[in-house]
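Undergrad: Give me a model of this one.
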Amino acid sequence: MPPALAVECDGVRVEVAVTVRDNARRMILRLDRRSRLPTLTLPRGVSRAKAERFLADHIGWLESRLRAAPAPLPFVDGAVIPIRGEPCRIAHRAPLRGLTRIEPGEAGPLLVVHGDPAQLPGRVERFLRGEAERDLRAAVARHAAAAGVDYGRIAIKDTLSRWGSCSAKGDLAFSWRLILAPPAILDYLAAHEIAHRLEMNHSARYWRHVARLFPEFRAAEAWLNRHGQSLHLYGRD
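TA: Next up is the predicted model:
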């Protein structure tokens, strides 16, 4: 079975990721609302022909879900994106050289990007990753000192299923998309993962550690539940 099957939805070629699971009892087609990526889960042993027939029978369902899903928000010249929760307009400048930076504009902050326009999306994402790493390193160090714990490496990723993680060795990973949210949300996630250095679970004792490090954690969780999915739309074509 290939890792993906292609189908045509409303005249557009769409790649459907294929996952084979031993414990799956039936074929299941899902659409991730954050990434707008469809996934087909198959029981082991299902043939490619049967999987393709299943997709053909459910094209109408997939088309309707894709139409209803929020539109992606690519990084292009003139696009407005949130940085630390504040709107900032991407402004491409003609010179081929120059640092990507935030500077004041007449109508609000500008994210100034130089170079080949085709490379603008990558330059914007690299800038945001760097800003996220800088803010997260500072927040992690502050919360670790308050908790009296150490930690390992810090990795900045683009995960769909979680905003942060903490390994048994103390290595931490965070989504760079936290830089799009208000600063308190990034700060909360740093506290959330540092609290796992005291309790590697989500028990009542763990949440007491979180509350000590970040008393407003319930408000941060509520913000993520309401707005977190929208952060995954930025930078997607």
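Undergrad: And the chain, what are its domain boundaries?
TA: 4-68, 121-231 (automatic domain parsing).
Undergrad: can you give me how far the helix or strand where A49 lies is from the chain middle?
TA: Using DSSP states H and E, A49 sits in helix 48-57. Offset of helix 48-57 from its chain centre (Cα atoms, centre = their mean, to the nearest Å): 30 Å.
Undergrad: residues of it that come out buried?
TA: By neighbour count on 16 or more other Cβ atoms under 10 Å, the buried set for helix 48-57 is 51, 54-55. Bear in mind the C-beta positions are built from the backbone N, C-alpha and C, glycine included.
Undergrad: if we can go back for a sec, now distance to P95 and mean pLDDT too, for the domains of the chain, in TSV please.
TA: Converted to TSV, the domains of the chain look like this (distance: least, Cβ to Cβ, whole Å; pLDDT from 0 to 100):
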stretch	distance to P95	mean pLDDT
domain 4-68	34	90
domain 121-231	13	97
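Undergrad: Please verify my assumption that L37 contacts T19.
TA: No. Assessed by Cβ atoms under 8 Å, L37 is found out of contact with T19, at 11.7 Å.
Undergrad: Those two: who's more crowded?
TA: L37 (16 against 13; other Cβ atoms under 10 Å).
Undergrad: Show me what the nearest residue to the more buried one once chain neighbours are set aside bridges to in the sheet.
TA: Closest residue to L37 apart from its sequence neighbours, by Cβ to Cβ, 6 or more residues apart in numbering: A17 at 6.4 Å. For A17, the beta-bridge partners are A4, T39 (DSSP bridges).
Undergrad: wait, isn't A17 in contact with P38?
TA: Yes. Between A17 and P38 there is a contact at 7.1 Å, judged by Cβ under 8 Å.
Undergrad: Adjacent strands (with direction) for the one helix or strand V112 maps to?
TA: Using DSSP H and E, V112 sits within strand 110-113. With DSSP bridges as the test, strand 110-113 is paired with strand 86-92 (parallel), strand 101-103 (antiparallel).
Undergrad: how far is whichever helix or strand S64 is part of from where the chain is centred?
TA: Under the criterion of DSSP H and E, S64 resides in helix 59-68. Centroid displacement of helix 59-68 relative to its chain, using Cα atoms, centre = their mean, is 23 Å.
Undergrad: can you check stretch 44-58 too?
TA: With Cα atoms, centre = their mean as the basis, the mean position of stretch 44-58 lies at 30 Å from the chain mean.
Undergrad: Alpha carbons of stretch 65-74, in CSV - could you do that?
TA: Presented in CSV, the C-alpha positions along stretch 65-74 are these (Å, rounded to 0.1, in the frame of the first residue of the first chain):
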residue,chain,number,x,y,z
ARG,A,65,-15.6,18.8,4.4
LEU,A,66,-12.9,20.6,2.4
ARG,A,67,-15.3,23.3,1.4
ALA,A,68,-16.4,23.8,5.0
ALA,A,69,-12.8,23.8,6.4
PRO,A,70,-11.2,27.1,7.2
ALA,A,71,-9.1,28.5,4.4
PRO,A,72,-5.3,28.3,4.8
LEU,A,73,-3.5,31.6,5.3
PRO,A,74,-0.2,31.5,3.3
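Undergrad: Please identify the residue most distant from the middle of the chain.
TA: Distance to the chain centre peaks in the chain at A49, reaching 33.5 Å (criterion: Cα atoms, centre = their mean).
Undergrad: could you list every residue that touches that residue?
TA: Listed by Cβ atoms under 8 Å, 6 or more residues apart in numbering, A49 has no contact partners.
Undergrad: State the distance from it to R25.
TA: According to Cβ to Cβ, to the nearest Å, A49 and R25 sit 20 Å apart.
Undergrad: how close does A71 sit to Y234?
TA: With Cβ to Cβ as the criterion, A71 and Y234 are 11 Å apart.
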